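[1] Predicted model and sequence below, questions to follow.
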Amino acid sequence: MKTRFPVELLFLIAGPAIWLAHFLFIYTVNAVACAKSALGGTWMGLPASSWIIVAGSVLALGGMALAAWRQRRRVRVCGAPPFHAWLTAALSVVSALAVVWETLPVFLMPACQ
C-alpha cells in the first residue's frame, strides 16, 4: 500500500510541531498570568499558571509519544520506509527534551518577578 506524502510529512514533523505549540502555550499562559493576575491561586507551593504549564507539558509529551507510536505502526502496515519511523521517533525525542527543558523553570523560579 502506497503512503500519501502529506500524511507522511505530518507524522514526520509531529514532534517539532507539538513543541512549537507548547512553546507558544507557555508564553501565552505566563503573559496572561503576569499581566492580569488572573491565575493567582497556589497549590502545593506553585501558582496555578505553573500547574497549567505542567499539564500542557504532559499533554505535549503524550502527543509526541503517540505520534511516534502511530508512525511506527504505519510503517509496518503501509509499507513505508523504516527510516520514517526512526526519524519521527528521533525528532520526537529531541522535541521532548526541549519541552522538558522549557518546563524546568516552572519549578525553579516564580514567573512574574
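    Arrived safely.
[2] ok, now which ones touch Leu46?
    By Cβ atoms under 8 Å, 6 or more residues apart in numbering, Leu46 lies in contact with 106-107. Placement of C-beta: from N, CA and C, glycine included.
[3] switch to 7 Å and redo it
    By Cβ atoms under 7 Å, 6 or more residues apart in numbering, no residues touch Leu46.
[4] Could you do Val77 as well?
    Going by Cβ under 7 Å, 6+ apart, Val77 touches no other residue.
[5] Please tell me how far it sits from Ala85.
    Counting by Cβ to Cβ, to the nearest Å, the separation of Val77 from Ala85 is 11 Å.
[6] Count residues in the vicinity of Ala80, would you?
    For Ala80, the neighbour count with other Cβ atoms under 10 Å is 18.
[7] So it: helix, strand or coil?
    At Ala80 the chain is in coil, as set by DSSP: H, G, I helix; E, B strand; the rest coil.
[8] Verify the contact between it and Arg72 for me.
    No: at 10.1 Å, Ala80 and Arg72 do not qualify as touching, with contact defined as Cβ atoms under 7 Å.
[9] any weak-confidence spans in this protein?
    Flagging of the chain using pLDDT under 70 yields the residue ranges 1-3, 36-43, 45, 113.
[10] redo that, cut-off 80
    By pLDDT under 80, the weakly predicted segments of the chain are 1-8, 11, 34-49, 78-81, 110-113.
[11] and the helix or strand containing Val100, what other elements does it pack with?
    Taking DSSP states H and E as the criterion, Val100 maps to helix 82-108. Here helix 82-108 touches helix 5-12, helix 14-36, helix 48-78, going by 3 or more Cβ pairs under 7 Å, 6 or more residues apart in numbering; DSSP states H and E.
[12] Please give the number of neighbouring residues around the closest residue to Ser92 other than its chain neighbours.
    Leaving aside its sequence neighbours, Ser92 sits nearest to Gly15 (Cβ to Cβ, 6 or more residues apart in numbering; 3.5 Å). Per other Cβ under 10 Å, the neighbour tally for Gly15 reads 28.
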